[in-house]
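Peer 1: Curious how this folds, go ahead:
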Amino acid sequence: MSTSAVMNTPVVPGKRRAIGFLVLRGTLAFIFLLAGGTKLAAVPPQPEQFVHWGYPLGFMYVVGLLVVSGAIGLLVRRVSGFAALLLVGVMVGAAGTLVRHGEYSSLAPSLLFLVLLLGVASAQRDMFRRLVTRGAR
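Peer 2: So this is what the prediction gives:
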């Protein structure tokens, strides 16, 4: 067992992992809240980008709402796995759009967030198992 540098108290490895996971979810939630908020507020260049990609402006608001909802869901442990999967879907769409339009320089952040969100969803796999098991009864 290691000792916390701040308060000379033992830190259990499982607790350290839980804290790290909470920090990851909080960081992702903050980033996605900002990203979704810029879409909902139609902050430039969001509207211009959606039009450039051939999407109607209404779609920008739908994406913004999904992203903000997912960001809030990441903060709620019981639904964080579902929220991560929602955001995975959004990021798959974002990555597909970037590839379709040859905007490869913007692809790396999307793929990084996609991998991190898959990690969050994977860490919540017990929640998914319980849901499936409960539904099979």
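
Peer 1: which of the residues in stretch 111-124 are buried?
Peer 2: By neighbour count with 16 or more other CB atoms under 10 Å, stretch 111-124 contains the buried residues 113-114, 116-117, 120-121, 123-124. The way it works is simple: take the backbone N, C-alpha and C, and place the C-beta from them, glycine included.

Peer 1: Format those as a markdown table; extra columns: secondary structure.
Peer 2: A markdown table is the format used below for these (DSSP: H, G, I helix; E, B strand; the rest coil):
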| residue | secondary structure |
| --- | --- |
| 113 | helix |
| 114 | helix |
| 116 | helix |
| 117 | helix |
| 120 | helix |
| 121 | helix |
| 123 | helix |
| 124 | coil |
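
Peer 1: wait, which of those is closest to residue 107?
Peer 2: Taking CB to CB as the measure, residue 107 lies nearest residue 114 of the buried residues of stretch 111-124, at 10.1 Å.

Peer 1: so who does the closest one touch?
Peer 2: Counting by CB atoms under 8 Å, 6 or more residues apart in numbering, residue 114 touches 88, 91-92, 95.

Peer 1: Roughly how far does it sit from residue 14?
Peer 2: When distance is defined by CB to CB, to the nearest Å, residue 114 is 27 Å away from residue 14.

Peer 1: Brilliant, that's me finished.
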